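In: Sequence first, predicted coordinates after that:
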Amino acid sequence: MTDLDEIAARLGPSVERDAPLASLTTYGVGGPAGLLARIPDAEALHDLASALRTTGVVVPALVVGLGSNLLVTDAGFPGLVVVLGDGFAQVAVEGTKVLAGGRAKLPVVARQSAAAGLTGFEWASGVPGSIGGAVRMNAGVHEADMAAVLTRVHLTDLWSGEDVVMERDELGLGYRSSTFPSSSVVVAAELDLQPGDPAAARAAIKEKTNWRRENQPGGRNAGSVFTNPPGGSAGRLIDEAGLKGLRIGTAEVSSKHANFIQVDEGGRAADVWALMDAVRRRVHQASGVTLEPENVFVGLDPLPDLGDDDEARP
Ligand SMILES: Cc1cc2nc3c(=O)[nH]c(=O)nc-3n(C[C@H](O)[C@H](O)[C@H](O)COP(=O)(O)OP(=O)(O)OC[C@H]3O[C@@H](n4cnc5c(N)ncnc54)[C@H](O)[C@@H]3O)c2cc1C
């Protein structure tokens, strides 16, 4: 009996063996999860942690939110994938405070906050992730990010089942990054916004939605592939290197926004990875800048080291 079999036997019918992951990501690529646990609510999350403790086995674990920043290898993830359910999707507004569950969708939280007369979270209306994924990634746009609105998060440790509240400053939030333990599941986050005018907030959301529609592609992608280098724009560098429309297999650099990669239906993670590698090499040759991935790789090798930035400058 493998470790996963042991966990599956302990958890019973609530978990699935060899469950497809592609449909849980916006790229729509990636092989199956060894074990997939859909967790409806906090009690079930504690049950999962207690079952894991009882088996005593440790397997790789991954929390999947709305999968809008994940590139999962075609071979799949040979461990335990945890997906939070509707019991974690609540949004409650009290004064200027918003309590949002880890599964709550950012656009929903943005719209509900605006409707309650709060301002400061309109930017999140166009980011198709969950609160949990947004905290982990410190999601944001150029003028704002989660760190600017977050006060604290409620976490449950997958292995110990321990509930912890961490203040914003303890999370190690940086540019699209965080350093809190990978075994911590974000079950809820508290935001502090400012009083505003609901009509103005709604108008700002509409404007942001229209801007995205005009400037970003729809379809199968995971948003910005690379982070912006200090003081620069990854999209501009890719565009200037003439890479819009570059294709490898089933993956293509978007001709609408150069920092997005579009994948064909039934596409392959290997093609996305190879295209990222090719784009990164060519941008490095053209500008001397090494782009770093914003997408989170699951089971894929990191992109190769390209050496010192200045060495490649023509
Ligand atoms: C069209 C499009 C536009 C986008 N625009 C932006 C943008 O403007 N700004 C921006 O920052 N991002 C953007 N993104 C990327 C993405 O939406 C964000 O990174 C988002 O925060 C990811 O949330 P998610 O729920 O999809 O996380 P996932 O992609 O599922 O996971 C991302 C990471 O978070 C972890 N995670 C997920 N849920 C939890 C949880 N509950 N607890 C602990 N860890 C968790 C995962 O393990 C993984 O490490 C865009 C994506 C798309 C497709």
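Out: Alright, I've got the coordinates.

In: Can you tell me the centre-most residue of this protein?
Out: Central residue of the chain (C-alpha atoms, centre = their mean): Asn69, 3.8 Å from the mean position.

In: Ramachandran angles for that one?
Out: Backbone torsions of Asn69, given as degrees, to the nearest 10, read phi -140, psi 20.

In: got the residues of the stretch 201-314 of the chain near the ligand?
Out: Counting by C-beta under 6 Å from any ligand atom, the stretch 201-314 of the chain comes close to the ligand at Gln216, Asn221, Ala222, Gly223, Val296. Yep, even glycine has a C-beta here, placed from its N, CA and C like the rest.

In: biggest separation within the residues you listed, which pair?
Out: Gln216 and Val296 (19.2 Å; C-beta to C-beta).

In: Any regions of this structure where pLDDT drops low?
Out: Scanning the chain for pLDDT under 70 picks out the ranges 308-314.

In: Domain ranges for it, per the record?
Out: 3-84, 88-214, 234-312 (automatic domain parsing).

In: Same list, the ones you listed, but as CSV with distance to Thr227 please.
Out: What follows is the domains of the chain, written out as CSV (distance: least, C-beta to C-beta, whole Å):
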stretch, distance to Thr227
domain 3-84, 11
domain 88-214, 5
domain 234-312, 5
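
In: helix or strand for Gly34, which one?
Out: Using DSSP states H and E, Gly34 sits in strand 32-39.

In: List the strands paired with that strand, with their directions.
Out: Using DSSP bridges, strand 32-39 pairs in its sheet with strand 15-20 (antiparallel), strand 77-84 (parallel).

In: Give me whichever of those strands is most buried.
Out: For the strands paired with strand 32-39, the largest average neighbour count (mean count of other C-beta atoms under 10 Å) is found in strand 77-84, namely a mean of 22.

In: residues in contact with that one?
Out: 4, 7, 19, 21, 24, 30-39, 45, 48, 52, 59-65, 101-103, 130, 132, 158, 185, 187, 298-299 (C-beta atoms under 8 Å, 6 or more residues apart in numbering).

In: Which SSE is immediately downstream of it?
Out: Next element after strand 77-84 (DSSP H and E): strand 91-94.

In: which residues sit against that following strand?
Out: Residues contacting strand 91-94 (C-beta under 8 Å, 6+ apart): Val98, Leu99, Ala100, Gly101, Ala104, Val108, Val109, Gln112, Ser113, Ala116, Leu118.

In: Which positions within that strand qualify as buried?
Out: Residues of strand 91-94 classed as buried by neighbour count (16 or more other C-beta atoms under 10 Å): Val91, Val93.

In: Check stretch 42-57 too.
Out: Ala42, Ala44, Leu45, Asp47, Leu48, Ala49, Ala51, Leu52, Thr55.

In: From those, pick the one nearest the ligand.
Out: Leu45 (10.0 Å; C-beta to the nearest ligand atom).

In: quick one: secondary structure of that closest one?
Out: Leu45 carries the three-state label helix when classified by DSSP: H, G, I helix; E, B strand; the rest coil.

In: Can you report how many residues neighbour Gly196?
Out: Counted with other C-beta atoms under 10 Å, the neighbours of Gly196 add up to 19.

In: same deal with Ser23?
Out: For Ser23, using other C-beta under 10 Å, the count is 9.

In: Also Ser177?
Out: 12.

In: so who does Arg111 touch?
Out: Ser125, Ile205.

In: If you could redo that for Thr54, that was the one I meant.
Out: So Thr54 contacts Arg10 (C-beta under 8 Å, 6+ apart).

In: what inclination does the helix or strand where it lies have with respect to strand 77-84?
Out: Assigned by DSSP H and E, Thr54 belongs to helix 42-55. If you take axes from the mean of the first three to the mean of the last three C-alpha atoms, to 10 degrees, helix 42-55 sits at 150 degrees to strand 77-84.

In: The residue nearest to the centre of the chain contacts Ala134, correct?
Out: No: the criterion here is C-beta atoms under 8 Å, and Asn69 misses it with Ala134 at 9.4 Å.

In: okay, now the nearest residue to Ala204 once chain neighbours are set aside: neighbour count?
Out: Leaving aside its sequence neighbours, Ala204 sits nearest to Glu122 (C-beta to C-beta, 6 or more residues apart in numbering; 4.3 Å). Other residues within reach of Glu122, judged by other C-beta under 10 Å, total 26.

In: Would you check that Glu122 makes contact with Ala114?
Out: Yes: the pair Glu122 / Ala114 is scored as a contact, 6.3 Å apart, by C-beta under 8 Å.

In: what do these two both touch?
Out: Common neighbours of Glu122 and Ala114 (C-beta under 8 Å, 6+ apart) are Ala201, Ala204, Ile205.

In: ok, so of these, who is nearest the ligand?
Out: Of these, the one sitting nearest to the ligand (C-beta to the nearest ligand atom) turns out to be Ile205, at 13.7 Å.

In: before we move on, could you check phi and psi at the closest one?
Out: According to degrees, to the nearest 10, Ile205 has phi -60, psi -40.
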